[in-house]
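In: output the structure for:
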Amino acid sequence: GKVIMDWTRVCLLLVLSSTADAAISVDVNATHINSGDWVKVRWSGIPAADRKGCWIGVFAPASSNVTAFKPRGKSTWTQPYTETAPLKFVTCDHKNKHFPKTGNGEYQFTLLNMRTDVTFWLFTNGMVNPKPQARTATITFSKPNQPMHVHLARTHTAHNMRVSWVSGHPLGAVVQWWQGSNPTPKTTVQADSRTYTAQDLCGPPANANGFFSPGWLHTAEIVAVKNDTLVSYRVGSTSSGEWSETFQFLPAAPEHPHTPLKVLVVGDVGATEMDGCSYHWAEPDAWQTFAFMYKRAHSHHLALHVGDLSYATGYEAKWELFMHSVAGVAQYVPYMTGLGNHERDWPGTGNAIGGVDSGGECGVPTEQRFTMPTKNHVQGNGWYSFNQASVHFVMLNTEMAVHNGSDQYLWLEADLKKVDRSLTPWLVVNGHRPMYNGMALSPHFLPLEYLLNKYKVDLVLWAHVHYAFASCPMYRGKCKTKAADGYDAPVHAIIGNGGQGLSPPQFTAPWVKYGGAYWGANEIIVDSAEHMKLNFYVDATEKLNYTVHITRPWPRKY
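Out: The predicted model follows:
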């Protein structure tokens with residue numbers, strides 16, 4: 001019986017590898033694994049003429065079409081060009097110095113639970129017109145329906161918290177929560193469950209060879225929590241019977257002028273493949289940024305990610321890597337996101353600036369995963385605000401229109417006008433594309449600057465440019481001193497050094513107080529109604545490079 005089964009598998013592999021050279025073989029040391037396990041792949045028999053263009057790719061599902069693909073039109077295309085883009089890949093000579101002579105090699109890959117089976121394919125003829133030669137046996141995951149990517153988000157009220165996650169099962173999704181040491185009785189909240197398909201996206205590669213099924217995306221709201229007591233919670237399915245581990249969070253502090261607050265702030269991060277593989281738009285330092293945040297997730301109250309989240313840009317499987325990376329922070333503190341050009345921009349979809357930077361995503365994958373407290377729950381707008389402790393936070397959508405009379409301009413003015421500075425004396429505004437950087441200002445955003453100054457915003461955080469930067473308090477490009485009421489002007493800061501390739505360190509404008517081109521993470525610390533600071537850190541060493549101090553009188557005279 002065993003011989004027959006083995007020959008059946010061999011025949012099947014030969015059918016699937018009809019273009020294969022019979023001498024080429026590739027195999028794995030495991031076919032049933034847990035998420036995050038390491039798998040060794042070995043290959044041999046590559047003819048000398050084919051060794052230069054040889055590479056190994058990971059594909060999900062295992063039945064993916066891996067024939068050559070020809071990109072069409074301008075977009076975020078990256079090699080290898082196969083009908084289904086690989087999750088990641090290595091060239092056959094990567095860390096195999098003897099491969100050019102022997103045609104043999106091996107590599108250790110780590111595989112995350114993709115909620116479906118996966119396989120490895122070996123190709124020759126390079127990455128522009130690759131030729132599939134042989135594949136490994138199919139690899140399955142032990143818990144394909146396991147709840148994953150658990151993350152929190154603020155709602156419009158401090159007494160509630162949103163919990164979101166993904167699983168491979170559409171039915172019976174719930175969150176169970178309790179406060180105090182006794183886990184019984186638990187409060188059970190039914191989740192809303194949804195997904196999206198390639199047809200919901202706006203262009204390629206997102207709706208073409210870059211598409212990957214996002215699974216079932218669940219979200220539920222925990223309501224009426226007690227402010228000063230830890231909330232314990234878990235997510236899962238009453239249908240599949242699979243549950244996450246139990247996590248805890250401290251409810252958001254309600255509005256109060258003297259309540260301290262610690263906030264992690266990053267932008268332009270992406271995600272890192274820890275096995276050293278190549279993948280779409282690699283961010284080899286992103287893990288350092290997340291590691292910095294992991295260490296502080298239990299001591300801080302909130303995290304802000306000001307656009308350019310995963311850099312999937314149409315290669316949808318990269319969202320799996322990013323969400324896995326984020327979870328170590330977002331399971332414990334609300335992870336509030338903004339839309340950047342690499343989430344939102346696509347021609348003809350409503351963005352007022354930018355081109356094809358989202359790779360056809362047009363905001364859909366971000367909005368489906370990260371439900372933010374937008375006005376009337378319209379996620380497509382992307383702008384929102386909320387209060388926490390002594391701060392009123394605003395998240396702008398810089399990819400949409402901001403001119404006087406636009407929906408976003410009118411919303412922002414109405415929002416800033418109603419801020420009660422006796423309850424939330426601090427005003428922090430966030431947006432992806434910067435109004436100011438180390439060299440110039442963007443005239444596109446000048447209408448908004450009028451509002452920032454008129455309503456006495458304290459700090460404005462931008463990203464998009466991949467470095468750290470802080471200005472003097474300024475308006476219309478000129479540094480300001482404090483007036484009789486104790487206010488000068490907003491401080492502008494760029495925190496776009498989270499993981500993507502760094503921008504040139506150009507800091508020549510007269511408003512520059514600090515600039516540095518290094519990978520880092522940052523934090524806002526509000527000590528009191530009179531003092532706020534923004535700390536810039538190097539993520540790898542955790543060295544504090546610079547601090548912006550903002551002081552105001554209390555009570556506010558405006």
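In: what about the most centrally placed residue in the chain, which SS state?
Out: Compute the mean C-alpha point of the chain, and by CA atoms, centre = their mean the closest residue is Leu309, 3.2 Å away. With DSSP: H, G, I helix; E, B strand; the rest coil as the basis, Leu309 sits in coil.
In: separation between it and Thr398?
Out: Applying CB to CB, to the nearest Å, one obtains 14 Å for the distance of Leu309 from Thr398. Backbone N, C-alpha and C define where each C-beta goes, glycine included.
In: kindly report the same for Trp77.
Out: With CB to CB as the criterion, Trp77 and Thr398 are 25 Å apart.
In: so between these two, which is more surrounded?
Out: Taking Trp77 and Thr398 together and counting by other CB atoms under 10 Å, Thr398 has the greater number of neighbours (32 against 23).
In: my read: the more buried one touches His432, true?
Out: Yes. The pair Thr398 / His432 is scored as a contact, 4.8 Å apart, by CB atoms under 8 Å.
In: looks like the residue nearest to the centre of the chain contacts Gly340 (just checking).
Out: Yes. The pair Leu309 and Gly340 qualifies as a contact (CB under 8 Å) at a distance of 7.2 Å.
In: so who does the residue nearest to the centre of the chain touch?
Out: When contacts are counted by CB atoms under 8 Å, 6 or more residues apart in numbering, Leu309 is found next to 269-270, 322, 337, 340, 342-343, 366, 370.
In: and what of Leu87?
Out: Taking CB under 8 Å, 6+ apart as the definition of contact, the neighbours of Leu87 are 57-60, 114, 118, 279, 317, 320.
In: between these, which sits nearest Gln176?
Out: Within these, proximity to Gln176 (CB to CB) peaks at Glu320, which comes in at 25.0 Å.
In: surely that closest one touches Leu111?
Out: No. Look at Glu320 against Leu111 with CB under 8 Å: they stay out of range, at 10.5 Å.
In: show me the shaky parts of the protein.
Out: For the chain, residues meeting the criterion pLDDT under 70 lie at 1-22.
In: any idea where the helices of it begin and end?
Out: Along the chain, the stretches classed as helices by DSSP state H are 2-16, 99-102, 286-296, 318-330, 341-344, 364-369, 407-417, 446-454.
In: apart from its chain neighbours, what residue comes closest to Gln190?
Out: Spatially, and ignoring its direct neighbours in sequence, Gln190 is nearest to Val174 (5.7 Å; CB to CB, 6 or more residues apart in numbering).
In: do the same with Gly355
Out: With sequence-adjacent residues excluded and distances taken as CB to CB, 6+ apart, Gly355 is closest to Asp345, at 6.1 Å.
In: ok, now which ones touch the residue nearest to Gln190?
Out: Residues near Val174 by CB under 8 Å, 6+ apart: 188-191, 220, 235-238.
In: which residues do Thr398 and His432 both contact?
Out: Listed as contacting both Thr398 and His432 by CB under 8 Å, 6+ apart are 307, 340, 464.
In: so who does the second one touch?
Out: Contact partners of Gly340, counting by CB under 8 Å, 6+ apart, are 267-268, 306-309, 398-399, 432-433, 463-464.
In: change it to 7 Å
Out: Taking CB atoms under 7 Å, 6 or more residues apart in numbering, we find Gly340 in contact with 307-308, 432, 463-464.
In: right, I'll leave it there.
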